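Chemist: Sequence and predicted structure, then a few things I'm wondering about:
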Amino acid sequence: MTSTDRERWQRVKDQLRNQLGEDVFTSWFGRMELDAADNGTVRLSVPTRFLRTWIQAHYSEHVLAKWQAEDTTISRLELSVRSAAIRPPVVKPKPAEPATLSRELRDINGVETRASVPFMSVHEALGGSPLDPRLTFENFIVGRSNTLAHAAAKQVATSRRGEQLMFNPLYIHAAVGLGKTHLLQAITWAGNGADRKVLYLTAERFMYGFVSALKTQTTLAFKEAVRAIDVLVIDDLQFLQGRSTQAEFCHTLNTLIDAGRQVVIASDRPPADLESLDDRVRSRLAGGLVVEIGSLGEELRLEILKSRTAAARLYHPGFEVPAPVLAFIAKAVTHNGRDLEGAVNRLLAHNKLTGQPVTLEMAEREMRDLIRPAEPKRVRIEDIQRVVARQYNVSRADLLSSRRTANVVRPRQVAMYLAKILTLRSLPEIGRRFGGRDHTTVLHAVRKIEALAGNDTTLAEEIEGLKRQLQD
C-alpha cells in the first residue's frame, strides 16, 4: 500500500465524517482500515461481521463513490472481517468441565477487555441480542411523557466503572411502541468506547442462553460470563418463563446489584404486575427506580414524524411531506411510535413508487387503517385503591389491613369488586394485592357488592361514579 493510497483513504474518511457527522462516522467507520487499493479494487476491513453486514447494506455505495472521486480507476469495493484480538482465558476450565464449551461462552472469557477493544466485538462475543443502529440517544425524541425515563437512561449510560450508582436497578415500563427498547439499546450503544462491558439481552435470549448451557452442561461458564459484565440490560422481561430460568435470573440480578454492577430492565407492566415472577424478584425490581413512559402526546408525535421524515430524506432527497400532512398524521395516528414510523414509510413508498407528491388527500387514504378508535384507559389496582380510599375517607393502608370494622370492610369490598371488573387480574392476584388475602375472600366481596348494588341505588351510583373517575 502506497503513501498515496493512505492519503486518499484519509480524505475519504474526512468526507464521510463531514457528510454523516462525528457520531455516525465513529460508530461505523472509526474501526475500518484500508488493506489495499489496486487492480480497480479497494479492500477495506472491519473487526466484526456485524459491522461488515451493516456497512455493506447501507454505506458501501457511499464509500465507493468517495473512492472513485479520489481514484477513477476504482470500480469495486471489497469489505472483509479481520480476526479479533483474543487472549487466553485467565482461568482455565476445571478438568471436569466438558470440552464442548460453546464459542460464545469461550469468547466471553477470552475477549480482550481493555477500552481499546471495539465495543461491538465485545457485545457480539458476549452473545448479546442484535442492536438496531438507529436506536441511539441522538435519535430519541424527548417529550413530557418520557422525560424522566430518558434522563435516567442517560445517567446510566454516562456512568463509569467505580462510580456510585444513583439507582439500581433501573426499571422502565410502558405499552408497546412507546420507546422502551429504544432507550435500552441507546444505553448499550453508549457503551461504545466506555470502560465498561455492556450486554443487551431480550428475556427470550436470556432463556435461550441458559437452556443451551443446561443442555451442554456449561451452566457454570454461563453464570460466570453473565455475572462478569458491568451493565446488564434486559428487554421484555414479561416474557421470562420457566422456574429454573427465573431462579437463575433472580440469582444473577442479586449478584450483579450486590457487586455494584448496573442492571437495566424494561417490561410492558410495572414489577408488581409481573404475576409469573417470584415475589423476591418483584421486590428487588421495585427497590430501584421504576419509571413509566406514558402515551405520546400530539406535540411529541409531531416531533417524531418530523424526525423520521428528515431521516428518510437523507437517503431520498426528493422526499417532502407538507406540514399539514404531518399535522394530520400526528393528530390521527395516536397508538404508538411504530405506527408513526409505518405512516412515514407508507408516504415514502407512495412517493417513490408512483412519482406523485405527498398530499393531504393521499395521506388520509393511506392512513385509514392506522387510525384506531381510542382504547379505554388501562386501570391499575393501585389506582382503584387510591380512588376508593379517597371516596370513603379511609387510607390505602386500611384497605390492605386486617381491620374488619364496617367503615373499612365495605370500601375494601368495593375496591375488590372494581378490581375484578375493571382489570384483567385473576382472583388470587387481586387477593395478593389486598394484603395477601385468599381468592375466596375476593370472590365473596365481588358477589356481595353485586348483590347489594342490585338493591341499593345509592351504592350503585357510587360505584358508577368511581368507574367514571378511574376510566376518564
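Modeler: Thanks, I have it.
Chemist: what helix or strand does Ile265 sit in?
Modeler: Assigned by DSSP states H and E, Ile265 belongs to strand 262-267.
Chemist: contact partners of that strand?
Modeler: Applying Cβ atoms under 8 Å, 6 or more residues apart in numbering, the external contacts of strand 262-267 come out as 153, 156, 159, 165, 168-174, 180-181, 183-184, 187, 230-238, 253, 256-257, 274, 285, 288. The way it works is simple: take the backbone N, C-alpha and C, and place the C-beta from them, glycine included.
Chemist: Could you list every helix and strand in contact with the following helix or strand past it?
Modeler: Remark: after strand 262-267, the chain's next helix or strand is helix 279-286, criterion DSSP H and E. Helix 279-286 is packed against helix 243-258, with contacts defined by 3 or more Cβ pairs under 8 Å, 6 or more residues apart in numbering; DSSP states H and E.
Chemist: For the helix it packs on, list the C-alpha coordinates in CSV.
Modeler: Output in CSV follows, covering the C-alpha atoms of helix 243-258 (Å, rounded to 0.1, in the frame of the first residue of the first chain):
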residue,chain,number,x,y,z
ARG,A,243,-39.0,-21.8,37.1
SER,A,244,-35.3,-22.6,36.7
THR,A,245,-34.7,-19.7,34.3
GLN,A,246,-36.4,-17.3,36.7
ALA,A,247,-34.4,-18.6,39.6
GLU,A,248,-31.2,-18.1,37.6
PHE,A,249,-32.3,-14.6,36.7
CYS,A,250,-33.0,-13.8,40.3
HIS,A,251,-29.6,-15.0,41.4
THR,A,252,-28.0,-13.0,38.5
LEU,A,253,-29.9,-9.9,39.5
ASN,A,254,-28.9,-10.2,43.1
THR,A,255,-25.3,-11.0,42.3
LEU,A,256,-24.9,-8.0,40.0
ILE,A,257,-26.6,-5.5,42.2
ASP,A,258,-24.7,-6.6,45.3
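Chemist: Now the residue nearest the centre of the chain: closest residue in space that isn't a chain neighbour?
Modeler: When Cα atoms, centre = their mean is applied to the chain, the residue found nearest the centroid is Thr181 (1.6 Å). The shortest distance from Thr181 to any non-neighbouring residue, by Cβ to Cβ, 6 or more residues apart in numbering, is to Asp235 (5.7 Å).
Chemist: ok, what's across the strand from that neighbour?
Modeler: Thr202 (DSSP bridges).
Chemist: Near it, how many other residues are there?
Modeler: Neighbours of Asp235 under the rule other Cβ atoms under 10 Å: 24.
Chemist: shouldn't it be in contact with Ser129?
Modeler: Yes - counting by Cβ atoms under 8 Å, Asp235 does reach Ser129; the two are 7.3 Å apart.
Chemist: okay, and the common contacts of the two?
Modeler: Tyr200, Leu201, Thr202.
Chemist: Let's have those residues in TSV, adding distance to Val344, neighbour count and pLDDT.
Modeler: Output for the shared contacts of Asp235 and Ser129, formatted as TSV (distance: Cβ to Cβ, whole Å; neighbours: other Cβ atoms under 10 Å; pLDDT from 0 to 100):
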residue	distance to Val344	neighbour count	pLDDT
Tyr200	26	24	89
Leu201	29	22	88
Thr202	26	21	89
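Chemist: quick one: which of the residues you listed is nearest Ala225?
Modeler: Ala225 lies nearest to Leu201 out of the shared contacts of Asp235 and Ser129, by Cβ to Cβ, at 11.7 Å.
Chemist: That closest one reaches Val233, doesn't it?
Modeler: Yes - using Cβ under 8 Å, Leu201 makes contact with Val233 at a distance of 7.0 Å.
Chemist: just to revisit the earlier point, want to try JSON lines for the shared contacts of Asp235 and Ser129, with distance to Thr2 as columns?
Modeler: What follows is the shared contacts of Asp235 and Ser129, written out as JSON lines (distance: Cβ to Cβ, whole Å):
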{"residue": "Tyr200", "distance to Thr2": "42"}
{"residue": "Leu201", "distance to Thr2": "45"}
{"residue": "Thr202", "distance to Thr2": "47"}
